[in-house]
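# The sequence and its predicted three-dimensional model are supplied below.
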Amino acid sequence: MKKLGLATALLLAMTGAQAYQFEVQGQSEYIDTTVNDKDFTGGVQGTYYFKDVDSSKGPLAEAAFLNQASNVSLAYNYAELGSNGFDVTAHNYGAKAEAYVPTKFVPVYASASYSHTILDAKNNQTAALEDNGDRYALEVGALATPNFLVAVGYTSAADQFALDAFNVMSKGVVNAVGETATIDEDQDAITARTKYVGNIDGTNMSIGFESGLVYGDSTAYQLKTDLYLNPKLSVGASYAESSYEGTPDSAWGANVNYFITPAVAVGASYVNANYQADKGQAVSYAGDTQTVGLNAKFRF
């Protein structure tokens with residue numbers, strides 16, 4: 001009977017269950033820089049929602065946001081980075097909690113996260129890079145209107161190599177590294193972001209917008225939009241820019257995501273980051289980067 005129950009639950013998840021309480025996602029990116037084309041990352045994230053998430057309305061990709069679903073998550077990222085004697089393995093762990101609290105005025109949002117990064121040098125040339133870094137982030141906000149979130153936050157990154165494990169999963173390694181570099185030696189940063197998802201009147205389509213700002217030792221901002229052609233299929237574009245001189249000045253990206261069933265999704269992404277060299281500086285720079293990513297989600 002236990003085996004039958006498990007098989008039934010799996011079948012429902014694969015064929016169209018409209019509510020879920022768990023989500024597991026995996027992601028990998030191939031990284032091509034000016035000096036090396038053999039780097040890659042891989043990651044996994046698991047999320048538990050305190051109540052069932054109804055995915056029968058609106059884009060499937062944004063079901064949790066549309067339901068204002070409070071949750072807790074764990075994430076892990078792995079990266080192999082190396083070129084011309086540079087050989088480092090990075091391990092990144094994270095834990096996060098998000099809460100939506102209804103009030104008589106507007107729903108209130110709050111989140112807290114912790115990430116820990118371990119750099120493991122593989123040879124004597126990079127031994128000095130071996131490091132451990134912690135990162136903490138708090139955020140508070142409100143849904144000013146239905147499906148429109150405005151939030152501000154504080155981030156403490158005691159070590160520049162401490163990446164946000166959840167940013168790596170949601171935005172990719174280029175944006176996550178650029179954000180951390182923007183904080184730099186200041187170690188503390190103020191963040192702000194907005195997010196909106198809404199239907200396009202008279203159609204089966206929806207549109208989503210996101211913007212973000214990081215103010216630390218330097219300043220960075222991010223813009224992202226997604227067009228949901230129907231609840232299952234979306235295409236999107238993103239742009240990020242940082243005033244920090246040690247990373248690419250800007251990066252643009254594109255993505256596509258498709259839900260095979262309401263419980264199973266696959267997607268692909270592309271990011272192109274450009275470094276503008278100063279006058280008299282060699283144009284070739286390791287910061288020029290392209291990434292190609294693949295991801296998958298499973299809900300039950």
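In hand now; what should we look at?
# so where is the chain shaky, pLDDT-wise?
1-17, 35-37, 82-86, 122-131, 159-160, 184-186, 244-248, 275-287 (pLDDT under 70).
# just so I have it, where are all the helices in it?
Applying DSSP state H to the chain gives helices spanning 2-15, 63-66, 165-171, 173-183.
# Could you give the number of residues near Gln27?
By other C-beta atoms under 10 Å, 23 other residues sit near Gln27. Placement of C-beta: from N, CA and C, glycine included.
# My guess is it contacts Gly42. True?
Yes. With contact defined as C-beta atoms under 8 Å, Gln27 reaches Gly42; the gap is 7.2 Å.
# Look up how far Glu179 lies from Phe161.
13 Å (C-beta to C-beta, to the nearest Å).
# Comparing these two, which residue is more hemmed in?
Glu179 (26 against 19).
# Spit out the contact partners of that one.
Counting by C-beta atoms under 8 Å, 6 or more residues apart in numbering, Glu179 touches 164, 167, 214, 220, 242.
# May I see those organised as a markdown table, with neighbour count and distance to Asn77 added?
Formatted as a markdown table, those follow (neighbours: other C-beta atoms under 10 Å; distance: C-beta to C-beta, whole Å):
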| residue | neighbour count | distance to Asn77 |
| --- | --- | --- |
| Asp164 | 26 | 10 |
| Asn167 | 26 | 10 |
| Val214 | 24 | 19 |
| Ala220 | 25 | 20 |
| Ser242 | 23 | 20 |
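# so which pair among those is furthest apart in space?
Maximum pairwise distance among the contacts of Glu179 (C-beta to C-beta): 14.8 Å, between Asp164 and Ser242.
# Give me the neighbour count for Asn175.
25.
# what's the distance between the closest residue in space to it that isn't next to it in sequence and Ala265?
Nearest non-adjacent residue to Asn175, counting by C-beta to C-beta, 6 or more residues apart in numbering: Ala240, 5.3 Å away. Note on Ala240: its distance to Ala265, by C-beta to C-beta, is 24 Å.
# Compare neighbour counts for these two and give me the winner.
When neighbours are counted by other C-beta under 10 Å, Ala240 comes out ahead of the other of Ala240 and Ala265, with 26 against 21.
# Please name the residues that touch that one.
Ala240 neighbours (C-beta under 8 Å, 6+ apart): 174-175, 178, 220-223, 250-252.
# In PyMOL, select just the buried ones from the residues you listed.
A single PyMOL command selects the buried members of the contacts of Ala240 (16 or more other C-beta atoms under 10 Å):
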select buried, resi 174+175+178+220+221+222+250+251
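# Which one of the contacts of Ala240 is nearest to Ala79?
For the contacts of Ala240, the nearest to Ala79 is Val174 (11.9 Å; C-beta to C-beta).
# need the contact list for that closest one.
So Val174 contacts 240, 248, 251, 271, 273, 289, 291 (C-beta under 8 Å, 6+ apart).
# Please apply the same query to Ala251.
Contacts of Ala251 by C-beta under 8 Å, 6+ apart are 174-175, 178, 238-241, 271-274, 289.
# of the contacts of Glu179, closest to Ile207?
Asn167 (22.9 Å).
# Let me know whether that closest one touches Asn175 as I believe.
Yes. Using C-beta under 8 Å, Asn167 is in contact with Asn175, at 6.6 Å.
# ranges for the strands of the stretch 201-300 of the chain?
Ranges of strands in the stretch 201-300 of the chain, per DSSP state E, counting those that start in this stretch, are 206-215, 219-228, 233-242, 250-261, 264-274, 289-299.
# what's the second one in contact with?
Under the criterion C-beta under 8 Å, 6+ apart, residues 59, 61-62, 171, 175, 178-179, 182, 205-214, 234-244, 255 lie in contact with strand 219-228.
# tell me the angle it makes with helix 173-183.
Put simply, strand 219-228 runs at 150 degrees to helix 173-183, going by axes from the mean of the first three to the mean of the last three C-alpha atoms, to 10 degrees.
# now strand 219-228, how far from the centre of its chain.
12 Å (C-alpha atoms, centre = their mean, to the nearest Å).
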